[in-house]
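Asks: The following block contains a protein sequence and its predicted model.
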Amino acid sequence: MYHGITPRTPTADRTAIGPRHTATLEPDEALRLLGTVTLGRIVFTRHALPAVCPVNHIIDAGDIVLWGFDGGDIAALTAPDDCPGIVVAYEADAIDPKTDLGWSVVVTGYAMPVTDGRDGQRYGELLRPLIGGPMGRVLSIRPGLITGFRLEKA
């Protein structure tokens, strides 16, 4: 049962592409691709359950930088003082809906608040929010694990 959602059917474009396979991305290439898009999803723990939130990001010196709105779940993320940050995952992709070709990247690492005022101001100018509103906490994710794949024509 699809609850009012029409399942996607193969299109002529997708059929014309033929078989596909996945190619594993090297970490450097995965981060480079992540920098070519501005929208991704941060995965974190909220009330002991996984939570996912779409956010805009930039890549700066190999870190993923994003921000949450005042009062939002992301802005409320905090870690104890003796921890290197909050364990999160970050995912972004670019998949062509007609051909199903593209790529997907997942980064797992520690998210830390950006506390340097100059960096925070610079990031505020570079990040394009999904919706308007006051900027809350700017977070920087230091990658620990970087995985990704490219969907290619076989």
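Replies: Perfect, thanks for sending it.
Asks: Determine the three-state secondary structure at the nearest residue to residue 129 once chain neighbours are set aside.
Replies: Closest residue to residue 129 apart from its sequence neighbours, by Cβ to Cβ, 6 or more residues apart in numbering: residue 56 at 6.1 Å. Just so you know, the C-beta spots here come from the backbone N, C-alpha and C atoms, and that holds for glycine as well. Recorded secondary structure, residue 56: strand (DSSP: H, G, I helix; E, B strand; the rest coil).
Asks: Ok, residue 32 next?
Replies: Assignment for residue 32 (three-state DSSP): helix.
Asks: Burial check on it, number of neighbours?
Replies: Using other Cβ atoms under 10 Å, residue 32 has 13 other residues around it.
Asks: Retrieve the pLDDT associated with it.
Replies: Residue 32 carries a pLDDT value of 97.
Asks: Also residue 4?
Replies: What the model reports as pLDDT for residue 4 is 65.
Asks: same question, residue 41
Replies: 95.
Asks: do the same with residue 82
Replies: pLDDT for residue 82: 77.
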